[in-house]
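Colleague: need a 3D model of the sequence below.
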Amino acid sequence: MAGHPGYRLRWDDGIVEIRWTCGKANAMNGRSLAALKRALDDAEAADARGVVLTGYDRFFSAGPDLVTLYDLEPRAMDAFMIDFDRLMLRAFAFSRPLITAVGGHAVTAAAC
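Modeller: Just a heads-up that it's a prediction; the model follows:
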């Protein structure tokens, strides 16, 4: 498994597993979104046949990082939401099959 800040990649017969490992419970903030974007970039650049996105331990994602996001100014929050929307749209329209393997807590980001 190749290690990167916020994620690890494991390859098996052209399929890449992205194990998202970004902070406490993969709470969504600017750093965790950037890690997922880089992981998708790596999978796409390596011409993966498919992608499986997983979390770690008992967490897929705790949802929005309320501690970090709470103090954002309105423009910064808008920028975060735009980044979040772009990442989700990219995942939905990814050029290869992409599935999530949720083996633990997964809180919706719709609360943002």
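Colleague: pLDDT weak spots in the protein?
Modeller: 1-3, 108-112 (pLDDT under 70).
Colleague: now do the strands in it.
Modeller: 2-4, 7-12, 15-20, 50-54, 59-61, 98-101, 105-106 (DSSP state E).
Colleague: quickly list what residue 50 is bridged to.
Modeller: Counting by DSSP bridges, residue 50 is bridged to residue 15.
Colleague: how about the contacts made by it?
Modeller: Residue 50 makes contacts with 14-16, 96-99, as judged by CB atoms under 8 Å, 6 or more residues apart in numbering. In short, each C-beta sits where N, CA and C put it, glycine included.
Colleague: which one of those is nearest to residue 8?
Modeller: Residue 8 lies nearest to residue 16 out of these, by CB to CB, at 10.3 Å.
Colleague: hmm, the closest one is touching residue 44, no?
Modeller: No: with contacts counted by CB atoms under 8 Å, residue 16 stays clear of residue 44, the gap being 9.7 Å.
Colleague: of those two, give the one with the bigger neighbour count.
Modeller: Taking other CB atoms under 10 Å, residue 16 and residue 44 do not tie; residue 16 has more neighbours (24 against 15).
Colleague: apart from its neighbours in sequence, what residue is nearest the more buried one?
Modeller: Distances taken as CB to CB, 6 or more residues apart in numbering put residue 48 closest to residue 16, at 4.3 Å, once the chain neighbours are dropped.
Colleague: look up how far residue 84 lies from the one you found.
Modeller: As judged by CB to CB, to the nearest Å, residue 48 and residue 84 stand 23 Å apart.
Colleague: of the two, give the one with the bigger neighbour count.
Modeller: residue 48 (23 against 17).
Colleague: I figured the more buried one hits residue 15, correct?
Modeller: Yes: between residue 48 and residue 15 there is a contact under CB under 8 Å: 6.6 Å.
Colleague: before we move on, the earlier item: look up how far residue 87 lies from the residue nearest to residue 16.
Modeller: Distance from residue 48 to residue 87, counting by CB to CB: 17 Å.
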